[in-house]
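Chemist: sequence? don't have it. structure:
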Ligand code: 3H9
């Protein structure tokens, strides 16, 4: 018993309550409190049984991740839990774990040490440790297969997805699902259990017998595919496999060994950084978390193209009625057909029921006029990227929108202030920049104009959550955070092919680095015409004499826009499978010859460094200029919008792991070989490197200064 864990008697059942908000993590004091509370309950002759429950919104959501950085040995982390769980299991009175919210990681491990588990219908249980680059470390890989069976335990430990109450019950992870009051149900269950012999999970071996070895082989194959480059899923599979081969104690020892390897890996540091970075983005200096948030009950979208359609789906998916407007019936029909097709695919994949799709479609009103726009709480503009057109649309919606309606542009490069100048209410204008496909990608850049009000920002952050997006605040600079950094990344990819690497070499090197796809493959997917249109818009800003990529414009002039035309940097078959395109290769060679570029053989290391450090260098400028609030925000943008590998933590965290001195030296090298205009080190990068600091330190200082 302590201030984190209390015990009281209710109906002859000792109720042990954990109170460690916000998520009842197993912070120092919680295991100790559990131990003393359970011991007191066990010694109390008035108590027939013990119920363990979490106060507030959840059962235990796991070990306290904030402690991981401080842990000097994995033994310390496990040492506070593993023996405690054995004690709980050995308790002479039945211990019933009452689960609501989430029993995740160490939380599920605690629950599995109880003799019985009961669960609220909407609760979740899971071993999500792999998402943090570690594996369960308090016998989760040994107890879960004993309850859920080997196949499900492998899946849950290796891929980290949780299961709901009905499934957990069917699998045997929990013994009952309690409708209504969880505590009352758990106490009643406990009273009944008091008279029965109570099972110890670690002694239950019936589900371990005859585990099919193919389960592990399949899981390893799947991990190689969907968790490419990550070590923790493979360690989790090894640990569960050992449960089928070794005694409980030996299995725990093997788990401990693997847990330690994972805990000290660079991958777990990166994934934990990503976890906190994602949760930190909503903290905006000067915008209190309780700043007035407008209710968004109705939305309207201008433009039913690829982006407009995806944005419309986001609102419908969140249960918000949405009007989508186009200028011609043909464009509207095409947009709606795509929306129908996307939903049909979700049904085909088993992600949505027919009824759910029907319900979502019923929230969408396609039309050619601005009728009903005066009822909308937000109007999202998603027309072609061009300032003149955007301003015209904003002037039109300014004329119809009700006072206080938020006006959001989906522009990916243009000046929000100039767009806002087309209205009489710049304080409600901002950017909501979605990433393609907008209904799938989780990133949403929320772009602040100079007049955008704090309420509108706070509402946008809250709305992002409601739309199941991660909102990242960005300043109003060309390309904001993500696309501004993408420009030098793609520039280097193109320079590299001009200098002698093949399109395939460049794509493969970055794919092997861990990117979801290579840079030129990504351009082909996004459509080369998108960049072409933007380059035309900004051509007047190009500095004379500075090297620019030569080939992308030529490909576009030939009508080669990438996947959608079947040809771009690569050529694509009817299933959109790429193969090398000799015509592109010839075009590159010709362009290089004409420009007098000497072609040479280029290492994979140079390909990765030139592309990734171009991102880092521009990221440092973006940070210095305040376009991004934190280096961690940049990481969130790249992890969620551009396929940067989560296990590297994002470009800025990756730079920290390489060491900023090394990064600076490499950039200096590139500057010598190329030019000052392209490779002069960002002043912030130089400052940090020279003072031995990291981007992480910069974030901490800026947060302290801003008081967030
Ligand atoms: C583990 O258990 C290892 C074991 O095997 C033991 C080995 C020996 N620790 O996400 P939210 C904070 S590994 C510390 O916005 P939601 C979070 O940072 C762990 N803090 O809420 C945020 O703080 P702030 C395995 C944590 O309702 C606040 O709580 N467990 C932890 O959308 C609210 O979080 C996991 O991996 C934590 N464990 O989602 C579970 N969890 O307000 C990780 C959360 O200052 N957590 N915080 O920004 C989650 O998946 C979600 O947070 C959860 C709630 C579903 C619980």
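Modeler: Thanks, I have the structure now. No experiment lies behind these values; they were computed from the predicted model shown.

Chemist: Would you mind listing where this protein has pLDDT under the threshold?
Modeler: 1, 71-74, 708 (pLDDT under 70).

Chemist: Which segments of it make up each domain?
Modeler: Here the domain parsing of the chain from automatic domain parsing is 5-264, 299-474, 482-706.

Chemist: what residues does stretch 62-79 touch?
Modeler: 23, 25-28, 30, 81, 104-107, 128-129, 132, 137-138, 256, 259-260, 263-264, 268, 272, 275-276 (CB atoms under 8 Å, 6 or more residues apart in numbering). All C-beta spots, glycine's among them, are computed from the backbone N, C-alpha and C.

Chemist: Among the residues you listed, which ones are in strands?
Modeler: residue 104 (DSSP state E).

Chemist: residues in the chain within reach of the ligand, list them.
Modeler: For the chain, the contact set with the ligand under CB under 6 Å from any ligand atom comprises 22-23, 25, 61-66, 77-78, 81, 102, 104-106, 109, 128-129, 132, 136-138, 140, 279.

Chemist: re earlier: so which of the contacts of stretch 62-79 are in helices?
Modeler: Counting by DSSP state H, these place 30, 106-107, 256, 259-260, 263, 268, 272, 275-276 in helices.

Chemist: May I see the ChimeraX selection of the buried members of those?
Modeler: Filtering those down to the buried ones (16 or more other CB atoms under 10 Å) takes a single ChimeraX command:
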select :30,106,107,256,259,260,263,268,272,275
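
Chemist: tell me the two of the ones in helices among the contacts of stretch 62-79 that are most distant?
Modeler: Maximum pairwise distance in the ones in helices among the contacts of stretch 62-79, criterion CB to CB, is 25.4 Å, between 256 and 276.

Chemist: Relative to residue 119, how far out is the closest residue to residue 161 other than its chain neighbours?
Modeler: In this structure, residue 161 finds its nearest non-sequential neighbour in residue 126, 6.6 Å apart by CB to CB, 6 or more residues apart in numbering. Distance of residue 126 to residue 119, given as CB to CB, to the nearest Å: 12 Å.

Chemist: More neighbours: which of the two?
Modeler: residue 119 (29 against 26; other CB atoms under 10 Å).

Chemist: Show the contacting residues for that one.
Modeler: By CB under 8 Å, 6+ apart, the contact list for residue 119 reads 98-100, 125, 165, 168-169, 174, 176-178.

Chemist: Can you flag which of those residues belong to strands?
Modeler: Of the contacts of residue 119, the ones assigned to strands by DSSP E are 98-99, 125, 176-177.

Chemist: okay, now the nearest residue to residue 450 once chain neighbours are set aside: neighbour count?
Modeler: Distances taken as CB to CB, 6+ apart place residue 417 nearest to residue 450, at 5.5 Å, with adjacent residues excluded. The local packing of residue 417 (other CB under 10 Å) involves 15 other residues.

Chemist: chain center to whichever helix or strand residue 417 is part of, what's the gap?
Modeler: Using DSSP states H and E, residue 417 sits in helix 416-420. Using CA atoms, centre = their mean, to the nearest Å, the distance from the centre of helix 416-420 to the centre of the chain it belongs to is 29 Å.

Chemist: State the phi and psi torsions of the residue of the stretch 151-300 of the chain found nearest the ligand.
Modeler: At 4.0 Å from the ligand, residue 279 is the closest residue in the stretch 151-300 of the chain, using CB to the nearest ligand atom. When read as degrees, to the nearest 10, the backbone of residue 279 gives phi -80, psi -20.

Chemist: try residue 9
Modeler: phi -100, psi 130.
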